[in-house]
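Q: Sharing a model prediction with you, sequence too.
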Amino acid sequence: MATTTSALFSRLKPDPWRKQTPFSEDIAAANAALFVEASPEASAELLNRWIQKNQPCLFGKAGATLGLISYCILNESDILGPEDSLMAKIQAARTAWTREAFYGRKSAFVVSLISPTLATAIPDDTVREFARRICSLYLETDIKDNEVHLEDVFLEMPGQRQTTWKWRAGVNYFSSQGDGRWWRDHRIPGGMAFSVNSVGHMAKSGKLAAAMQQFIKALGAPEEEWEASKIDSLDKALVLAMRTIANAFPAISGKATELLPMPAEISELPRCPVELPKDLADKNYCEYKGHYHTDYTLPEEYFRPDVLRPPETKTHRLDFTYIYHRTQDNPSFFAMGEGQQIRTDSDATEASPADAVSAFLKRLKANEEAIQLSQSPRLLRALSH
């Protein structure tokens, strides 16, 4: 039987280094506000403002600025209470976010644990086990270190056909313990957080919102809640992804992620879908370098007390092509970039033979997944509210 979150929380140990090294000014100010028993709404607003100003990920900044992030705020009383209640609170927030994303109102989700004990704990095996346990309560599956764990994000297009897309989006870990350490880009005030941000969903929902605004304006119909995002294409998303890597903070051991130079033989690369800005024109738009794996949910490097990057730390070559490169050898593009169109339960008419052949060929080409909505209990729960 897995050790409960309350039992793991009781084993956390203070970080001796943190006692000697205060938090950065922005983290300290946010912590001071979060640790005074602020309401969940106030805590979410405070975290949202911090992300707008201090998160190096430009997708996170955009999501916070446009109000595209849903928050699940947890405090020490949640952690120390019955674990069934803790899981129910997380799943209720997850369900609400799933519904908001389905209608195009949100693209990102943050589960945040607010705790001074957690924020000042030494990043060790106990913190790792605690993080693993919280993430398993969120994703409802076993969580392993150094693996990519994914979340499903859905979007429906208004209309009789109820066309719906599904994306697979990575879940990432953030912690106050990263502040001042070599993996600083994954710091967050309050204690600990898990974040999922679907770039593909953000781009398609932004494009959908812009189209709906034009449609409503043309008809002279009453305005609805369609907030158009400036990130309305995967081409724009590629530029933002590259800038995010380029904007990594020069932490105590240097930048943890870096752009790579354009290779000498560019004919071997897929065509770049957009004209890159001058400051990015000589950079590789297919791969970048990371001293931790940016796709892993729980990289082992985050759970060591080291302040400087250990010399044995692995370097990873990481991928941009999931955003734009359409090919049958790149299933990540369809799962995480473009999104997979899924069938709806309202499809009452049987497809014609020609349509059936066309759909079959598309699935061969695009690794597209066609499912009934009844096969996604989480989405059904979200839509039943």
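A: In hand now; what should we look at?
Q: what residues are up against residue 109?
A: With C-beta atoms under 8 Å, 6 or more residues apart in numbering as the criterion, the residues that contact residue 109 are 69, 70, 71, 72, 93, 94, 97, 101, 151, 195, 196. For glycine as for every other residue, the C-beta is placed from the backbone atoms N, C-alpha and C.
Q: go on, residue 285?
A: Residue 285 makes contact with 238, 242, 269, 272, 276, 320 under the criterion C-beta under 8 Å, 6+ apart.
Q: 6 Å instead?
A: Residues touching residue 285, when contacts are defined by C-beta atoms under 6 Å, 6 or more residues apart in numbering, comprise 272, 320.
Q: what's the distance between the helix or strand it falls within and the middle of its chain?
A: In this structure, residue 285 is located in strand 283-290 according to DSSP states H and E. For strand 283-290, the separation from the chain centroid amounts to 20 Å (computed by C-alpha atoms, centre = their mean, to the nearest Å).
Q: again, but for stretch 162-181
A: With C-alpha atoms, centre = their mean as the basis, the distance from the averaged C-alpha position of stretch 162-181 to the chain average is 2 Å.
Q: which residues sit against it?
A: Outside stretch 162-181, the residues that touch it by C-beta under 6 Å, 6+ apart are 21, 23-24, 27, 119, 123, 149-157, 184, 186-188, 191-196, 198, 200-201, 295, 297-298, 307, 335-336, 339-342, 344, 346.
Q: try stretch 245-259
A: Under the criterion C-beta under 6 Å, 6+ apart, external residues in contact with stretch 245-259 comprise 56, 182, 183, 184, 185, 283, 288, 289, 290, 291, 308, 309.
Q: domain ranges for the protein?
A: Domains of the chain are assigned by automatic domain parsing as 5-200, 340-384.
Q: can you put those domains in TSV and add distance to residue 249 and mean pLDDT?
A: As requested, the domains of the chain are exported to TSV (distance: least, C-beta to C-beta, whole Å; pLDDT from 0 to 100):
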stretch	distance to residue 249	mean pLDDT
domain 5-200	5	94
domain 340-384	35	52
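Q: Out of those domains, indicate the one that is most buried.
A: Sort the domains of the chain by mean neighbour count, taking mean count of other C-beta atoms under 10 Å, and domain 5-200 sits at the top with a mean of 19.
Q: Give me the distance between residue 324 and residue 143.
A: When distance is defined by C-beta to C-beta, to the nearest Å, residue 324 is 30 Å away from residue 143.
Q: Including distance to residue 262, could the domains of the chain go into JSON lines?
A: Formatted as JSON lines, the domains of the chain follow (distance: least, C-beta to C-beta, whole Å):
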{"stretch": "domain 5-200", "distance to residue 262": "21"}
{"stretch": "domain 340-384", "distance to residue 262": "29"}
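Q: How about the secondary structure of the residue nearest to residue 137 when sequence neighbours are not counted?
A: Closest residue to residue 137 in three dimensions, ignoring its sequence neighbours and counting by C-beta to C-beta, 6 or more residues apart in numbering: residue 87, at 4.5 Å. When the structure is reduced to helix, strand and coil (DSSP: H, G, I helix; E, B strand; the rest coil), residue 87 reads as helix.
Q: thinking residue 87 is in contact with residue 138, fair?
A: No. Using C-beta atoms under 6 Å, residue 87 is not in contact with residue 138; the gap is 8.4 Å.
Q: How many neighbouring residues does residue 254 have?
A: 12 (other C-beta atoms under 10 Å).
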